[in-house]
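**Student:** pasting the structure only:
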Ligand SMILES: Nc1ncnc2c1ncn2[C@@H]1O[C@H](COP(=O)(O)OP(=O)(O)OP(=O)(O)O)[C@@H](O)[C@H]1O
C-alpha cells in the first residue's frame, strides 16, 4: 500500500452485552466484587474458569438479568438489563441465549423434531428467522437424523445437553452464554461438538461466554479466558499465557496451571 494512503479504519466493534464494575450477591456477602466483561459479536469466544463456588454461574445469572447487580451494571445494547421493558426483554431473550448444565425445560414427551420445530417457530415469532432446518440444527450438535422421532425424555444426559445447544442456536443468537454446557457429553463427542460450535459462532459472529471447569473445552473454543477468584478476574488473556503463571499469580491460577500442564502447550483458537 502506498505510504500516503491512510486505510479507512473500521468502526471498532461495540460490545452487545457488557458488565461494568459489577458487584452481585445472593443476599449475603458479595460473590462478584467488580467484574468488567464485554461480549462483542464478531470476536473470539470468551472463557471463564474458576474453582467451584467462585461465582461463575452467578456471573451468567447477572448477565442474563436473573441476579441483580448490587452495584455496577449489566447492559444490553447500552440499556440496563435490569430495566428492560416487556418487549425489550422478549428481544433480549431471543438475542441472548443461555445453555446451562441442566437446562432443558422442554416437555419430555415431545419428540426431538417437535422440540426443534417449536424452537424454530419461536425464533420466527421473535423476528429471528435463521433459514435453518431441523436437520441443520441437529447436525450442528452432531445429533444424527435418527434422533428426530425420539422423545426428549428418552435421551441420555449428554444427548439432552446437545439438544439444548441446538435449541439455543435456533434463534441464531447474537450472544450465547454457556454454563458448563457439555459436562455429560463424553470427551471425544465434546471435542466434535465444540469444533462444530466454534465454526458456527465464527460464521455468524456470535459472541460467546463459556463458563467451564473443562480447560480442554475452553482451549478448543475460546480466544481469551478470565480466571474468577475472590469475586474478581485474577488473570485474563489467551489460555496458554494464563496457564504459564508467574510466582505472583493467584493460587487459583497456579492450581489451574498445575492441573493442566499439557493443555497450555497445544494450539488454541
Ligand atoms: N441462589 C443462591 N442463594 C444463595 N447462595 C448462592 C445461590 N447461588 C449460588 N450461591 C452461592 O454463591 C457462590 C457462587 O456460586 P456459583 O454457583 O456462582 O459458583 P460457580 O463458580 O458457578 O460454582 P460451580 O463451579 O460449583 O458451579 C457460592 O458460594 C454459592 O453457594
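**Tutor:** Structure received. None of the values given here were measured: they were computed from a predicted structure.

**Student:** Grab the nearest non-local neighbour of residue 155.
**Tutor:** residue 163 (6.4 Å; CB to CB, 6 or more residues apart in numbering). For every residue, glycine as well, the C-beta is placed using N, CA and C.

**Student:** Spell out, range by range, the strands that occur in the protein.
**Tutor:** 17-25, 30-39, 46-49, 69-76, 79-80, 96-100, 175-179, 207-211, 224-229, 232-237 (DSSP state E).

**Student:** can you list the residues of this structure near the ligand?
**Tutor:** The chain comes close to the ligand at residues 26, 31, 50, 52-58, as judged by CB under 6 Å from any ligand atom.

**Student:** list the contacts for residue 88?
**Tutor:** If you count contacts by CB atoms under 8 Å, 6 or more residues apart in numbering, residue 88 has them with residue 79.

**Student:** Could you do the one 3 residues further on as well?
**Tutor:** For residue 91, the contacting residues are residue 126, taking CB under 8 Å, 6+ apart as the criterion.

**Student:** Need the pLDDT of it.
**Tutor:** Residue 91 is assigned 87 on the pLDDT scale.

**Student:** quick one: it from residue 15, how far?
**Tutor:** Separation of residue 91 from residue 15 (CB to CB, to the nearest Å): 17 Å.

**Student:** cool, and residue 194?
**Tutor:** According to CB to CB, residue 194 stands 24 Å off from residue 15.

**Student:** related to what we said a few turns ago, now the strands of the chain in a markdown table, with mean pLDDT and distance to residue 134?
**Tutor:** Formatted as a markdown table, these follow (pLDDT from 0 to 100; distance: least, CB to CB, whole Å):
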| stretch | mean pLDDT | distance to residue 134 |
| --- | --- | --- |
| strand 17-25 | 97 | 28 |
| strand 30-39 | 97 | 28 |
| strand 46-49 | 96 | 30 |
| strand 69-76 | 94 | 29 |
| strand 79-80 | 93 | 34 |
| strand 96-100 | 93 | 17 |
| strand 175-179 | 96 | 20 |
| strand 207-211 | 97 | 23 |
| strand 224-229 | 96 | 33 |
| strand 232-237 | 96 | 39 |
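
**Student:** With distance to residue 185 and mean neighbour count added, can I get these in JSON lines?
**Tutor:** Below are those laid out as JSON lines (distance: least, CB to CB, whole Å; neighbours: other CB atoms under 10 Å):
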{"stretch": "strand 17-25", "distance to residue 185": "26", "mean neighbour count": "20"}
{"stretch": "strand 30-39", "distance to residue 185": "24", "mean neighbour count": "20"}
{"stretch": "strand 46-49", "distance to residue 185": "17", "mean neighbour count": "26"}
{"stretch": "strand 69-76", "distance to residue 185": "29", "mean neighbour count": "18"}
{"stretch": "strand 79-80", "distance to residue 185": "35", "mean neighbour count": "13"}
{"stretch": "strand 96-100", "distance to residue 185": "12", "mean neighbour count": "22"}
{"stretch": "strand 175-179", "distance to residue 185": "12", "mean neighbour count": "24"}
{"stretch": "strand 207-211", "distance to residue 185": "14", "mean neighbour count": "25"}
{"stretch": "strand 224-229", "distance to residue 185": "20", "mean neighbour count": "23"}
{"stretch": "strand 232-237", "distance to residue 185": "27", "mean neighbour count": "17"}
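
**Student:** Give me the distance between residue 141 and residue 59.
**Tutor:** 24 Å.

**Student:** do residue 75 as well
**Tutor:** Taken as CB to CB, the span from residue 75 to residue 59 is 15 Å.

**Student:** what's the answer for residue 229, then?
**Tutor:** Distance from residue 229 to residue 59, by CB to CB: 12 Å.

**Student:** can you pull out the helices in the protein?
**Tutor:** 56-63, 86-95, 112-125, 134-140, 157-169, 187-204, 215-221, 239-242, 251-259 (DSSP state H).

**Student:** Could you check the ones you listed and tell me which one is nearest residue 150?
**Tutor:** Residue 150 sits nearest to helix 112-125 of all these, at 5.3 Å, using CB to CB.
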